[in-house]
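Participant: Return a 3D structure for these sequence lines:
(one chain, ligands or ions: 1)
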Amino acid sequence: MTNKEYADLLLPGVKHTWEEYEKMYPERDLPEGAMVTRYAPSPTGFVHIGALESSFLDKRFAKQSGGICYLRIEDTDQERSIENGISQIIDSLKSFNITFDEGPISETEEKGNYGPYIQTKRADIYRAYAKRLIEEDKAYASFLSKEELDEIREQQMKSKQRIGIYGRYAKDRNLSKEEVLDRINKGEKFIIRIKSPGSFFNKIKVNDLVKGTMEMPENDIDEVIIKSDGIPTYHFASVIDDHLMHTTHVIRGDEWISSLPKHIQFNEMLGFKAPKYVHYAPLTKNDNGTIRKLSKRKDPEAAVSYFTEAGVPKEAIMLYLATVCNSNFEGWLDQNPNGNIDDFKFDFKKIPSSSGTLFDLPKLYNISKNFISRLTKDEVYDRTIEYATKYDEEFKEILEKYPDYSKDIFNIEREQKKPRKDYEKFSDVKGQVWYMYDELFDKYKDEYGYDYQGVTDKEEIKNIINTYIDKYYDVKDDKDTWFNKIKDLSDELGYASNMKDYKENPDNYKGSVADVSTVIRVSLTTRSQTPDLYDILRLLGKERIKERFNLI
Ligand code: GLU
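Facilitator: Numbers count the residues shown, from 1 in each chain. Predicted coordinates:
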């Protein structure tokens with residue numbers, strides 16, 4: 001029996017030969033230097049912040065080199081796949097502006113000439129290449145049962161040996177074709193393993209564009225390539241896909257480094273030119289003094305939804321991730337606060353290589369705060385409504401009822417060179433502006449309480465606000481006139497209109513112009529800290545100011 005006939009018996013019904021598949025996936029016609037990258041998630045649900053980072057890097061490097069970034073769904077582990085897992089990935093990434101040149105576009109459709117892009121739809125391809133390895137005597141049928149594998153594992157653990165099927169443990173390696181076929185005919189289940197040509201004592205040099213050259217032991221494990229249900233393993237499938245889809249750069253988290261000797265070996269055995277590898281350090285967290293990888297299970301902030309539900313703008317999340325991806329991005333952002341990420345050229349050399357990057361929430365919120373401060377009043381209005389529509393019906397109704405007034409509120413100290421930075425996220429907005437709306441003011445003022453900062457004499461408070469509204473308030477005043485009037489009011493009531501005078505002789509005064517402003521501010525808003533009081537007075541208008549003063 002020829003090797004070919006034997007391979008046909010082990011893996012029957014394969015539609016095409018590997019040579020035919022090679023022809024079906026011709027070289028891509030791309031300019032010199034264009035990168036082909038892939039984002040290759042498993043559809044297990046839940047878009048992790050690390051997934052966003054990974055897909056962002058894939059997309060950026062492809063785009064800035066004039067290349068292609070495709071999406072490939074690695075669903076060979078069917079038990080972990082969830083329903084609608086593919087559309088969840090596509091939709092979440094799309095909402096962050098991460099889309100792909102090729103790959104699935106929904107659960108059932110895809111675009112691109114190098115598909116299918118879902119591994120379970122490519123079973124025939126992997127089997128064709130497995131047949132090739134069997135024909136070349138580089139792979140074999142292995143009948144080790146679960147019990148036998150458990151026993152081997154236990155024995156290896158007990159004697160502190162490496163775990164896996166290698167050397168003397170690879171006992172089905174040398175079964176004759178006849179023995180194999182005989183056992184198959186008897187109905188025994190088998191899987192296909194490679195005959196690893198490697199030795200653990202050989203060191204190989206692997207090159208990584210982030211980590212540099214690393215020395216690692218060669219793979220000597222007879223890895224499984226096709227499981228008993230005919231489905232390939234991740235390692236086998238991804239090496240074949242990277243080859244057929246002409247991936248030039250495999251960019252992924254460094255948890256995959258330990259798999260590199262295996263992937264390199266698979267490429268060699270199959271005669272493929274290996275792609276370049278780019279392994280970046282994971283996001284980490286300081287957990288009571290211990291630095292560990294950010295965990296899906298333990299850390300709520302690992303879920304992208306943690307931020308979107310709080311109303312952190314997606315652009316800010318991406319800007320933050322860009323600072324993680326390239327160490328010089330932050331400096332660039334400082335220089336170009338309005339810059340577009342697309343204008344920054346990312347560099348593999350600037351990807352953090354060791355130990356991991358601390359997921360820095362204060363930095364993320366700071367970026368977010370700066371980002372929101374640079375939005376126009378219209379943008380803040382639209383985005384706040386968008387957020388409130390999902391999370392705060394009451395606020396949404398108010399915003400829709402008073403569009404122009406709301407925009408005037410949002411415009412206080414905005415659309416200027418140094419804008420005010422009081423929102424880190426859209427969930428902060430209501431808490432900063434509620435007092436500007438009568439409906440919310442009536443509802444929440446007592447809950448918050450008036451914060452007069454030590455001015456406690458009620459009669460004095462009334463005296464200040466009544467004198468102000470009766471003698472000094474005029475909605476038409478410009479800012480200077482307004483402030484001069486506050487000073488006049490202070491002089492009239494025995495408060496120093498000049499802070500320097502007050503500091504020199506505090507005993508000569510009841511207080512200073514600052515106390516007078518505070519009394520007016522708190523009486524109107526309950527707050528001692530607000531945006532510009534002049535603007536607040538202007539927007540409230542005389543009648544509403546009077547109404548609020550009357551409550552005191
Ligand atoms: N499917 C793998 C994962 O879920 C991808 C690893 C790779 O990029 O090769 O992380």
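
Participant: Just the strands from the stretch 201-350 of the chain, written as ranges.
Facilitator: Secondary structure of the stretch 201-350 of the chain (DSSP state E, counting those that start in this stretch): strands located at 203-208, 212-217, 224-226, 249-253, 276-280, 283-287, 290-293.

Participant: Ile461 against Val455, yeah?
Facilitator: Yes: between Ile461 and Val455 a contact is recorded at 6.4 Å, counting by CB atoms under 8 Å. For the C-beta atoms, the positions are set from N, CA and C on the backbone; glycine is no exception.

Participant: of those two, who's got more company?
Facilitator: The neighbour comparison of Ile461 against Val455 (other CB atoms under 10 Å) goes to Ile461, with 20 against 17.

Participant: what pLDDT does Met1 get?
Facilitator: As predicted, Met1 sits at a pLDDT of 89.

Participant: ok, it - contacts?
Facilitator: Lys177 (CB atoms under 8 Å, 6 or more residues apart in numbering).

Participant: gap between it and Phe371?
Facilitator: 68 Å (CB to CB, to the nearest Å).

Participant: how about the residues of the chain near the ligand?
Facilitator: Ala40, Pro41, Ser42, Glu74, Ser238, Arg252, Trp256 (CB under 6 Å from any ligand atom).

Participant: Which of those are buried? Put it as a ChimeraX command.
Facilitator: A single ChimeraX command selects the buried members of the residues of the chain next to the ligand (16 or more other CB atoms under 10 Å):
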select :40,41,42,74,238,252
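
Participant: so can I have JSON lines of the residues of the chain next to the ligand showing pLDDT?
Facilitator: Converted to JSON lines, these look like this (pLDDT from 0 to 100):
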{"residue": "Ala40", "pLDDT": "97"}
{"residue": "Pro41", "pLDDT": "95"}
{"residue": "Ser42", "pLDDT": "92"}
{"residue": "Glu74", "pLDDT": "95"}
{"residue": "Ser238", "pLDDT": "97"}
{"residue": "Arg252", "pLDDT": "95"}
{"residue": "Trp256", "pLDDT": "94"}
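
Participant: what number of residues lie near whichever residue of the stretch 351-500 of the chain sits closest to the ligand?
Facilitator: Proximity of the stretch 351-500 of the chain to the ligand (CB to the nearest ligand atom) peaks at Ile351, 15.1 Å away. Neighbour count of Ile351, defined by other CB under 10 Å: 21.

Participant: Who does the helix-or-strand element of the chain with minimal mean pLDDT pair with, and is each partner parallel or antiparallel?
Facilitator: Across the helices and strands of the chain, the lowest-confidence element by mean pLDDT, DSSP states H and E is strand 357-358, at a mean of 86. Strand 357-358 pairs in its sheet with strand 283-287 (parallel), by DSSP bridges.

Participant: now the partner strand and strand 249-253, what's the angle there?
Facilitator: Following axes from the mean of the first three to the mean of the last three CA atoms, to 10 degrees, one obtains 10 degrees for the angle between strand 283-287 and strand 249-253.

Participant: circling back: who touches both of Ile461 and Val455?
Facilitator: In contact with both Ile461 and Val455: Val519, using CB under 8 Å, 6+ apart.

Participant: in stretch 159-172, what's buried?
Facilitator: Per 16+ other CB under 10 Å, stretch 159-172 contains these buried residues: Gly164, Ile165, Tyr166, Gly167, Tyr169, Ala170, Asp172.

Participant: Reformat those as JSON lines; add pLDDT.
Facilitator: JSON lines is the format used below for those (pLDDT from 0 to 100):
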{"residue": "Gly164", "pLDDT": "96"}
{"residue": "Ile165", "pLDDT": "97"}
{"residue": "Tyr166", "pLDDT": "96"}
{"residue": "Gly167", "pLDDT": "92"}
{"residue": "Tyr169", "pLDDT": "95"}
{"residue": "Ala170", "pLDDT": "95"}
{"residue": "Asp172", "pLDDT": "95"}
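
Participant: List just the nearest of those residues to Gly449.
Facilitator: Set against Gly449, the nearest of those by CB to CB is Gly164 (66.8 Å).

Participant: Return the residues in contact with the closest one.
Facilitator: So Gly164 contacts Gln156, Ile221, Asp222 (CB under 8 Å, 6+ apart).

Participant: try it again with 6 Å
Facilitator: Ile221 (CB atoms under 6 Å, 6 or more residues apart in numbering).

Participant: where does it fall, helix, sheet strand or coil?
Facilitator: coil (DSSP: H, G, I helix; E, B strand; the rest coil).

Participant: Tell me how far Leu10 lies from the ligand.
Facilitator: 27 Å (CB to the nearest ligand atom, to the nearest Å).

Participant: burial measure for that residue, as a count.
Facilitator: Quick note: Leu10 (other CB under 10 Å) scores 21 neighbours.

Participant: shaky segments in the stretch 151-300 of the chain?
Facilitator: Low-confidence segments of the stretch 151-300 of the chain (pLDDT under 70): none present.

Participant: and Val69, that's in a strand?
Facilitator: You called it Val, but residue 69 is Cys. Yes: per three-state DSSP, Cys69 lies within a strand segment.

Participant: Quick check: it touching Val36?
Facilitator: No: contact criterion CB atoms under 6 Å: Cys69 and Val36 do not qualify, at 7.7 Å.

Participant: By residue count, what's the longest helix in this protein?
Facilitator: Ranked by number of residues, the top helix in the chain under DSSP state H is helix 533-550.

Participant: which other helices and strands contact it?
Facilitator: helix 513-525 (3 or more CB pairs under 6 Å, 6 or more residues apart in numbering; DSSP states H and E).

Participant: Quick one: mean pLDDT for the helix it packs on?
Facilitator: pLDDT averaged over helix 513-525 gives 96.

Participant: rewinding a little: who's in contact with the longest helix of the chain?
Facilitator: So helix 533-550 is contacted by Asp408, Ile412, Ile465, Ile469, Lys479, Trp482, Ser517, Arg521, Ser523, Leu524 (CB under 6 Å, 6+ apart).

Participant: In this structure the third one contacts Ser523, no?
Facilitator: Looking back up the chat, that one is Ile465. Yes: taking CB under 6 Å as the definition, Ile465 is a contact partner of Ser523 at 5.1 Å.

Participant: what about the closest residue to the ligand within the stretch 201-350 of the chain, distance to Tyr39?
Facilitator: Per CB to the nearest ligand atom, Arg252 is where the stretch 201-350 of the chain lies closest to the ligand, at 3.7 Å. As for Arg252, its distance to Tyr39 is 9 Å (criterion: CB to CB).

Participant: Phe410 too?
Facilitator: 37 Å.

Participant: swap in Asn505?
Facilitator: 69 Å.

Participant: between these two, who's got more neighbours?
Facilitator: Taking neighbours as other CB under 10 Å, Asn505 and Tyr39 compare with Tyr39 leading, 24 against 10.

Participant: Angles on the backbone of that one, please.
Facilitator: The phi/psi pair for Tyr39 (degrees, to the nearest 10) reads phi -100, psi 120.

Participant: Then the one 3 residues further on?
Facilitator: Taking degrees, to the nearest 10, you get phi -100, psi 140 for the backbone angles of Ser42.

Participant: What about Phe344, how many residues nearby?
Facilitator: 18.

Participant: how about the nearest residue to it, chain neighbours excluded?
Facilitator: Nearest-residue entry for Phe344: Trp332, 5.5 Å, with adjacent residues in sequence omitted and distances by CB to CB, 6 or more residues apart in numbering.

Participant: That neighbour reaches Phe346, doesn't it?
Facilitator: No: with contacts counted by CB under 6 Å, Trp332 stays clear of Phe346, the gap being 10.5 Å.

Participant: Counting neighbours, go ahead and name the busier of those two.
Facilitator: Phe346 (19 against 16).

Participant: buried sites along the longest helix of the chain?
Facilitator: Buried residues in helix 533-550 (16+ other CB under 10 Å): Leu533, Tyr534, Asp535, Ile536, Leu537, Arg538, Leu540, Ile545, Arg548, Phe549.

Participant: And Ser427, how far from Pro313?
Facilitator: 12 Å.
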